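K.L.:
I would like to see how this sequence folds:
(one chain, ligands or ions: 2)
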Amino acid sequence: MKVTWLGHSAFLLEGKDRILIDPYLTGNPTACTSADKLDADIICVTHGHGDHLGDTVDIARRTGATVACILELGIWLEKCGVKSVGFNLGGPATVRNTKITLVPAFHSSSIGAPGLEFSAAMAVGIVVDSGKVVYHAGDTCVFSDMELIGSMYRPDLALLPIGGFFTMDPAQAAMAAKLLKSKKVVPMHYNTWDPIKQDPKEFERLVKKESKAKVVILKPGESMEV
Ligand code: NI
Ligand code: MN
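P.N.:
Ligands and ions are numbered 1, 2, ... in the order given. Here you go, the predicted structure:
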C-alpha cells in the first residue's frame, strides 16, 4: 500500500481502494496539493473540526466518494448531499473492499458554521484494513487502550499526532508507539501553526528509546510503502 502525507492529518492510502483520511487542504498552510486535484473512493473523517473535516464535502460531491465516519457526522454529511456510511465505535463497516473500524480517541468534536459551532458527537481514531492495516489516531491524548488497539488490529503503520497543545506531544506519542507496537509510525499534526511547533527528530529519538517501531518522517507530498 502506498501512503502519502498531504500535510497536517491528511493522508492518501492507495491499497485495494483509494482512501483519503481527514482531507484538510483549503486553508492548510502545509498542504502539498489542492482539494480539486484529489480523487478517492472512500474518505474517512475522524471528527468535525475544520482541520480534519476540511474539504470532505467538496471532494465527496465531486468524486462520488463514500464518507466513513461517526453516525451523527454522517447524518450531517448526507444533508450536505454526500454519500456516507455513519456507524459507531466497534464496527467494523465494510466499504467497497476496505474494512474500517472506529476506535476511541479522547478529544472534542464540533462543526463550525458562520456564527455557530455545534457538537458533532465524539471524535474517533480509525483503523483501515485495505490490504495493509493503518491506524490513524485522529486528535487524541495517549491512553492505555492503545495497547488493546495494537493487539487487536496489529497495525502495520500508525499515524500519530505529535504537535501537543490540542493532542499528544512527542513524549506522549512515543508512549503511544510503545503501547501500539506497530511496525512503523509516522508523525502528523505538527508545524502547521505556532502552537503545535515540534521537532519530529525529537519524537524519533524518544520512540527509539521506548520501542522497536521505525519512525518515518515524511514531508508533505512524500509517500512511503507499507
Ligand atoms: Ni480536533
Ligand atoms: Mn486537529
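K.L.:
which residues of the protein lie near ligand 1?
P.N.:
The chain comes close to ligand 1 at residues 49, 139, as judged by C-beta under 5 Å from the ion. For every residue, glycine as well, the C-beta is placed using N, CA and C.
K.L.:
spell out which residues of the chain are next to ligand 2.
P.N.:
Contact residues (C-beta under 5 Å from the ion) of the chain with ligand 2: 51, 139.
K.L.:
so what secondary structure elements neighbour the helix or strand where Leu159 lies?
P.N.:
Here Leu159 sits within strand 157-161, counting by DSSP states H and E. Helices and strands touching strand 157-161, by 3 or more C-beta pairs under 8 Å, 6 or more residues apart in numbering; DSSP states H and E, are strand 133-136, helix 170-180, strand 184-188.
K.L.:
need the ones you listed in JSON lines with mean neighbour count and mean pLDDT, can you?
P.N.:
Shown next, in JSON lines, are these (neighbours: other C-beta atoms under 10 Å; pLDDT from 0 to 100):
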{"stretch": "strand 133-136", "mean neighbour count": "25", "mean pLDDT": "98"}
{"stretch": "helix 170-180", "mean neighbour count": "23", "mean pLDDT": "98"}
{"stretch": "strand 184-188", "mean neighbour count": "26", "mean pLDDT": "98"}
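K.L.:
out of those, flag the one nearest Ser144.
P.N.:
When the helices and strands packed on strand 157-161 are compared by C-beta to C-beta, helix 170-180 sits nearest Ser144, at 6.9 Å.
K.L.:
wait, Gly81 sits on Arg61?
P.N.:
Yes - with contact defined as C-beta atoms under 8 Å, Gly81 reaches Arg61; the gap is 6.0 Å.
K.L.:
higher neighbour count, the two?
P.N.:
Using other C-beta atoms under 10 Å as the criterion, Gly81 and Arg61 rank with Arg61 on top: 13 against 9.
K.L.:
ok, Trp5 - contacts?
P.N.:
Taking C-beta atoms under 8 Å, 6 or more residues apart in numbering, we find Trp5 in contact with 11, 32, 186, 188, 218-223.
K.L.:
quick one: buried ones out of those?
P.N.:
Buried by 16 or more other C-beta atoms under 10 Å: 11, 186, 188, 218, 220, out of the contacts of Trp5.
K.L.:
the last one should be in a helix, yeah?
P.N.:
No - with the criterion set as DSSP: H, G, I helix; E, B strand; the rest coil, the secondary structure at Pro220 is coil rather than a helix.
K.L.:
tell me how far it lies from ligand 1.
P.N.:
For Pro220, the distance to ligand 1 equals 19 Å [C-beta to the ion, to the nearest Å].
K.L.:
check which helix or strand Arg62 maps to.
P.N.:
Assigned by DSSP H and E, Arg62 falls within helix 56-63.
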